[in-house]
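S.K.: Following is a predicted model, sequence given first.
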Amino acid sequence: MATYVVSGASRGIGEALIARIIELGNKAIAIIRNEEDAFRISSKYNTEDLMILPIDLRDPNLESEICSSIEEFGGVVDVLINNAGTGGSGKSLIQTDLKLVSSLFENNCLTALALSKYCMPYLLKSGYPQVVNVISRFGLIDVLQKTDMTVSYAYSLSKGALHQLTVLMNRDSSLKDVSIYSVDPGPTKTRMGREDAVASPAEVAIKFLELIQRQDPKLGGSYFKIEV
């Protein structure tokens, strides 16, 4: 039985990951910002193998609460999935709202940095610790250079920064025993998803967990796209 920490677990891919983790007989700490969503998820998945942590990761004073919750839940984290994030508008420089850029950078990257830092002492107790950052291909320079699609400045910059976090953590010698990689779930039928998306969150979650369970050391520092 593995223990997962999943941020952004209130709906969409995050909730689907929680459902699949529990279905496979594992444990999960679900981080959910909205208290109503936290209550709904807790009621829906009524099991001792799920802990709901109703917190806003943008709060810089959460380390003690998060660490205490992990200690209460067994004191070990096998997999951290940094899934929390929001989309953004502004597909030209003139349209781009600088406050939105700052907000998305905080939501989509800094929260992952903070949660990774808080969870790391417990990840290092695992036999095969993994950190998975959920990014978008539009945060990758080589993809942006080849696509004709218009992309939100704020969203692309924030997801690019998140992948850079993956690369930096993978180069960190103190984290050499941790497998750290980025995953792009691809177009998914969620509130943030593209209109032409065909994959359901449940389908993506199945493939996502299969990837994690492979425990492939070659994934470290890399980018992987889910294909459904």
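M.R.: That came in fine, so what should we check first? Numbers count the residues shown, from 1 in each chain.
S.K.: What is the longest helix of this protein by residue count?
M.R.: If each helix of the chain is counted by residues according to DSSP state H, the longest one is helix 153-171.
S.K.: Name the surrounding residues that touch it.
M.R.: Residues outside helix 153-171 that contact it (CB atoms under 8 Å, 6 or more residues apart in numbering): 82, 85, 87-93, 96-97, 100-101, 103-105, 107-109, 112-113, 116, 131, 133-136, 138-141, 144, 175, 178, 180-182, 220-221, 223. Using the backbone N, CA and C atoms, a C-beta is placed for each residue, glycine as well.
S.K.: Need the buried ones from the residues you listed selected in PyMOL.
M.R.: Applying 16 or more other CB atoms under 10 Å to these, the buried members can be selected in PyMOL as follows:
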select buried, resi 82+85+87+88+90+96+100+101+103+104+105+107+108+109+112+113+116+131+133+134+135+136+138+139+140+175+178+180+181+182+220+223
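S.K.: Out of the contacts of helix 153-171, list just those in strands.
M.R.: Residues of the contacts of helix 153-171 located in strands (DSSP state E): Asn82, Val131, Asn133, Val134, Ile180, Tyr181, Ser182, Tyr223.
S.K.: Give the full set of residues in contact with the residue of the chain positioned farthest from its centre.
M.R.: The centre of the chain is farthest from one residue, Ile94, which by CA atoms, centre = their mean lies 30.0 Å away. Taking CB under 8 Å, 6+ apart as the contact definition, Ile94 lies against nothing.
S.K.: and what of Ile21?
M.R.: Neighbour list for Ile21: Tyr4, Val6, Lys27, Ala28, Leu209 [criterion: CB under 8 Å, 6+ apart].
S.K.: Now for the residues you listed: which two are most distant?
M.R.: Farthest-apart pair in the contacts of Ile21 is Lys27 and Leu209; separation 13.6 Å (CB to CB).
S.K.: how much space is there between Leu144 and Cys67?
M.R.: Distance of Leu144 to Cys67, given as CB to CB, to the nearest Å: 37 Å.
S.K.: My impression was that Pro211 belongs to a helix - is that right?
M.R.: Quick fix: residue 211 reads Leu, not Pro. Yes - under DSSP: H, G, I helix; E, B strand; the rest coil, Leu211 falls within a helix.
S.K.: hang on, isn't it packed against Val183?
M.R.: Yes - Leu211 sits in contact with Val183 when judged by CB atoms under 8 Å, with a separation of 6.9 Å.
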